[in-house]
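Asks: Sequence unavailable; structure follows:
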């Protein structure tokens, strides 16, 4: 029986075809993998932005609820209401007690917000929101601040003083108050030995400011404010935080967020100039980024 094998030429042609097909397959797999990684990164960036705006929206809704419910001239109680000084110190309860100022922002620097400066403020504006939680308080933390209110009067007190005669009101609802200062700092998370930027807030803990990391990957935040200067429920002026004469006139808050990937991508270059609020922010590196903007109305 005469059995013929492959000739050398046939083997070389077969190997060449195999290598060609393999290279196409590998290139296709690499492209698919690159696209998958990009989509995963983009999804993570979008999720970070969505969760950030959810936190801000919740606070701003409760600021609106607070302003519509409480008449400041009828506010008293056993907890001292501090004078608004536009400052924040880590060793003082004045910041959490300045509840008459429900919206406040600082333009591009901690200024007198020493509680933030000491916590590695990185960049951007600082947005402070104060109010009461919409849900009723049924149990009391002795060291947290609460407010009791009816149609005519309000009482401000620590949970430990909820039964104090000074704080008694008939037909009143009780709510826990909150104070939050949102800002950008360095995350506890690192990539390739470099810290990842993150959205933080200072929150009230026993009346004192305490930092909490919220979402890593938020690189920049800028605030723009709409002012109603003549009480007609119409925005008369749109300004940056350093141009607000009266914070009681704020009825519109616009937040610009720049969110980036946690790790660089060597196959990607970002050298864009981003317009955020009243600044331009230029980068030149290998991170993926997206800019987001959302506006909120505060019902006065």
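Replies: Looks like it came in fine. None of the values given here were measured: they were computed from a predicted structure.
Asks: buried set for stretch 66-85?
Replies: By 16 or more other CB atoms under 10 Å, the buried positions in stretch 66-85 come out as 66-67, 69-70, 75, 77, 79, 82. Using the backbone N, CA and C atoms, a C-beta is placed for each residue, glycine as well.
Asks: Give me the contact list for that stretch.
Replies: Residues from elsewhere that reach stretch 66-85 (CB atoms under 8 Å, 6 or more residues apart in numbering): 93-95, 97-102, 112, 130-132, 145, 147-149, 152-158, 161, 164, 166-167, 298-300.
Asks: In helices only, show me those residues.
Replies: Within the contacts of stretch 66-85, residues falling in helices by DSSP state H are 94-95, 97.
Asks: who wins for neighbours among the residues you listed?
Replies: If you count neighbours using other CB atoms under 10 Å, the busiest of these is residue 95, which has 26 neighbours.
Asks: Would you mind measuring from the closest residue to that one other than its chain neighbours to residue 116?
Replies: Of all residues beyond its chain neighbours, the one nearest residue 95 is residue 88 (4.3 Å), with distances taken as CB to CB, 6 or more residues apart in numbering. Shown here: residue 88 relative to residue 116, a distance of 7 Å by CB to CB, to the nearest Å.
Asks: Please enumerate the shared neighbours of the two.
Replies: Taking CB under 8 Å, 6+ apart as the contact criterion, the residues that touch both residue 88 and residue 116 are 181, 202.
Asks: low-scoring pLDDT stretches of this structure, where are they?
Replies: Confidence mapping of the chain against pLDDT under 70 gives the ranges 1-10, 27-36, 119, 300.
Asks: Centre-most residue in this structure?
Replies: residue 52 (4.6 Å; CA atoms, centre = their mean).
Asks: isn't it right next to residue 199, touching?
Replies: Yes: using CB atoms under 8 Å, residue 52 and residue 199 qualify as a contacting pair, with a distance of 5.5 Å.
Asks: Quickly list what's touching both of those two.
Replies: With contacts defined as CB under 8 Å, 6+ apart, the residues shared by residue 52 and residue 199 are 214-215, 218, 257.
Asks: Most neighbours of all those, which one?
Replies: residue 218 (29 neighbours).
Asks: In space, what's closest to it - neighbours in sequence excluded?
Replies: With CB to CB, 6+ apart as the measure, residue 199 is the residue that lies nearest to residue 218, at 3.9 Å, once sequence neighbours are left out.
Asks: how far away is the one you found from residue 152?
Replies: Computed as CB to CB, the residue 199 to residue 152 distance reads 39 Å.
Asks: can you check residue 294 too?
Replies: With CB to CB as the criterion, residue 294 and residue 152 are 36 Å apart.
Asks: more neighbours, those two?
Replies: Of the pair residue 294 and residue 152, residue 294 is the one with more neighbours under other CB under 10 Å, namely 15 against 11.
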